[in-house]
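> The sequence and its predicted three-dimensional model are supplied below.
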Amino acid sequence: MRRMLLVVVVAAFAVGLAAPLVAQGAPPQGGADQPYTVEYYYKVQWGHQQEFLDLFLKNHYPLLKKIVSTGRMLSVKIEAPAYHTTEDGRWDYRVTIRYKNSTVATTANPDEEAFIKQLWPDQKTYQREEQRRFEILAAHWDLPVTDITPGRQ
């Protein structure tokens, strides 16, 4: 039984089923002190796209801008697709964040709770609206990306 399990695991690695989080064939992002980019995708329940965007812009975007002002993040960009796709590939909003480096991108921000209390003194309303934003969210995923354009590194 153990031998069979070992064969399955080795086979999975051989065909790429257990590949690392970077795209197959793509180089990893830059060094420790290089900017690190992550795309955050949001798929919202049908009919709630505007409500989600309104709540995002009210209760999350100001926090992202505040973090940009500290230098932890370099930029935040919010995009929506111009056309629709198939339901299984559909996303409604993409938020691209360029972090100062991979360390700050992958560790908790110790100042975030203080920023939230500073930006939204009415914590009951903030918590209720954030709960609603997540209630109408159908799916969410994060995708670290690497710019491989020749001559841009």
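Great, that's in hand. Note that the structure is a prediction, hence the values are computed from the model and not measured. Residues are numbered from 1 along each chain as shown.
> Every contact and neighbour count from this point should use C-alpha atoms.
Will do.
> How about the secondary structure of the most centrally placed residue in the chain?
Nearest to the geometric centre of the chain sits Tyr40, at 2.8 Å (Cα atoms, centre = their mean). State at Tyr40, reduced to three classes by DSSP: H, G, I helix; E, B strand; the rest coil: strand.
> List the contacts of it.
Contact analysis of Tyr40 by Cα atoms under 8 Å, 6 or more residues apart in numbering lists Arg94, Val95, Thr96, Ile97, His140, Trp141, Asp142, Leu143.
> Test my guess that the fourth one contacts Glu79.
No - counting by Cα atoms under 8 Å, no contact exists between Ile97 and Glu79, whose distance comes to 11.5 Å.
> More neighbours: which of these two?
Ile97 (22 against 11; other Cα atoms under 10 Å).
> nearest spatial neighbour of that one, skipping sequence neighbours?
Nearest residue to Ile97, sequence neighbours excluded (Cα to Cα, 6 or more residues apart in numbering): Val76, at 4.6 Å.
> residues making contact with the strand or helix carrying the one you found?
Here Val76 is covered by strand 73-79, with elements defined by DSSP states H and E. The set of residues external to strand 73-79 that reach it, using Cα under 8 Å, 6+ apart, is 35, 64-65, 67-68, 93-100.
> Quick check: strands, which of those are part of them?
Tyr93, Arg94, Val95, Thr96, Ile97, Arg98, Tyr99 (DSSP state E).
> Pick the one among those residues closest to Trp46.
Nearest to Trp46 out of those is Tyr93 (Cα to Cα; 13.0 Å).
> was I right about the closest one contacting Lys43?
Yes - contact status for Tyr93 versus Lys43: in contact at 6.9 Å, counting by Cα under 8 Å.
> Now Arg71. Nearest residue, chain neighbours left out?
Let me fix one detail, which is that residue 71 is Gly and not Arg. Using Cα to Cα, 6+ apart, the nearest residue to Gly71 is Lys100, at 6.9 Å.
> ok, the one you found - how many residues close by?
By other Cα under 10 Å, neighbour count at Lys100 equals 20.
> Does it touch Ile67 like I think?
No - Lys100 is beyond contact range of Ile67, at 10.9 Å (criterion: Cα under 8 Å).
> Rebuild the ones in strands among the contacts of strand 73-79 as CSV, extending it with distance to Leu53 and pLDDT.
As requested, those are exported to CSV (distance: Cα to Cα, whole Å; pLDDT from 0 to 100):
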residue, distance to Leu53, pLDDT
Tyr93, 8, 98
Arg94, 11, 98
Val95, 11, 98
Thr96, 15, 98
Ile97, 17, 98
Arg98, 21, 98
Tyr99, 22, 97
